[in-house]
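K.L.:
starting from these lines, generate the structure:
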Amino acid sequence: MEPKLVTNPLDVDAHLASMALDKAGLVTAVLYAEAERALCTPYDPLGFGNMVAYARAGRKLRELYIRRDRDWELDNSYNQVAIKNPRTRIRVVPCNFDEGAGDRLVTPSNRSPKGEISRQKSLCNRTAWIPGLIDKGAPIDVDGYRTWILGMHLDDERPPKAELSMPIDFDGQFFSNFATRIFLLDGTDAPISPAKKSESAFEVIDITVRRK
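P.N.:
Predicted coordinates:
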């Protein structure tokens, strides 16, 4: 099944509004995660930057949506950093995606292998999109929530890319297909993180120090 691609800005806004979300909030979470990741150095553990990005994106989602909208709640189920909305029955979980994130011509996937919980959620999401089987509005996860992934691709050279997507297929340990992909950042319209900008904001000045 080909995913539904939501790229037009007006359609993006409408889809997100129906989910009690907005592009500005989701992009803010991604840019915050990128700025925090940029503070990592080669002396940190291997892969630590991706862990930081995941954690900080989740924290910013919580700070933005739980504080301003009482419908959103903290969600630690399955040991994931997420938010959930009991009214819309939607869960949002951040995830590091490969370079396919935000690219309408490529099907993205998670950057690191996922486990059984992600596979089960993908299959649960899928049942709601099988024609004639279950109505799209019916509860589809074990706790009645539909899981959406805030997929983000962050690297050291290019602006971030991101999308909000509903996974429906899982190949081994990686997402392989999505029912809907809502595009947020395509890598051309987002600023480089503040941390990267600050590197070029200072001149190197030689100061001669003499003993008295």
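K.L.:
just give the nearest non-adjacent residue to residue 77, would you?
P.N.:
residue 143 (7.0 Å; C-beta to C-beta, 6 or more residues apart in numbering). To be clear about C-beta, it is placed using only N, CA and C from the backbone, and glycine gets the same treatment.
K.L.:
the longest strand in the protein is where?
P.N.:
Criterion DSSP state E: the longest strand present in the chain is strand 174-186.
K.L.:
re the thing from before, how near is the residue nearest to residue 77 to residue 100?
P.N.:
Distance of residue 143 to residue 100, computed by C-beta to C-beta, to the nearest Å: 29 Å.
K.L.:
cool, and residue 145?
P.N.:
25 Å.
K.L.:
out of those two, which sits in the busier spot?
P.N.:
Neighbours were tallied for residue 145 and for residue 100 using other C-beta atoms under 10 Å; the higher tally belongs to residue 145 (23 against 16).
K.L.:
how about the backbone phi and psi for residue 6?
P.N.:
When quoted as degrees, to the nearest 10, the phi and psi of residue 6 stand at phi -110, psi 100.
K.L.:
please verify my assumption that it contacts residue 19.
P.N.:
No: using C-beta atoms under 8 Å, residue 6 is not in contact with residue 19, being 11.4 Å away.
K.L.:
more neighbours: those two, which one.
P.N.:
residue 6 (21 against 15).
K.L.:
the longest strand of the chain: how far from the chain's middle?
P.N.:
Remark: strand 174-186 is offset 10 Å from the chain centroid, using C-alpha atoms, centre = their mean, to the nearest Å.
K.L.:
please name the strands paired to that strand in the sheet, noting orientation.
P.N.:
Strand 174-186 pairs in its sheet with strand 4-6 (parallel), strand 161-171 (antiparallel), by DSSP bridges.
K.L.:
for those strands, which one sits closest to residue 59?
P.N.:
Closest to residue 59 of the strands paired with strand 174-186, according to C-beta to C-beta: strand 161-171, at 16.1 Å.
K.L.:
show me what counts as buried in the closest one.
P.N.:
161, 162, 163, 164, 165, 166, 167, 168, 169, 170 (16 or more other C-beta atoms under 10 Å).
K.L.:
so how far is residue 182 from the fourth one?
P.N.:
Spatial separation of residue 164 from residue 182 under the definition C-beta to C-beta is 4 Å.
K.L.:
which neighbours do these two share?
P.N.:
residue 16 (C-beta atoms under 8 Å, 6 or more residues apart in numbering).
K.L.:
strands of this structure, start to end?
P.N.:
Along the chain, counting by DSSP E, strands occupy 4-6, 73-75, 82-85, 90-96, 146-153, 161-171, 174-186.
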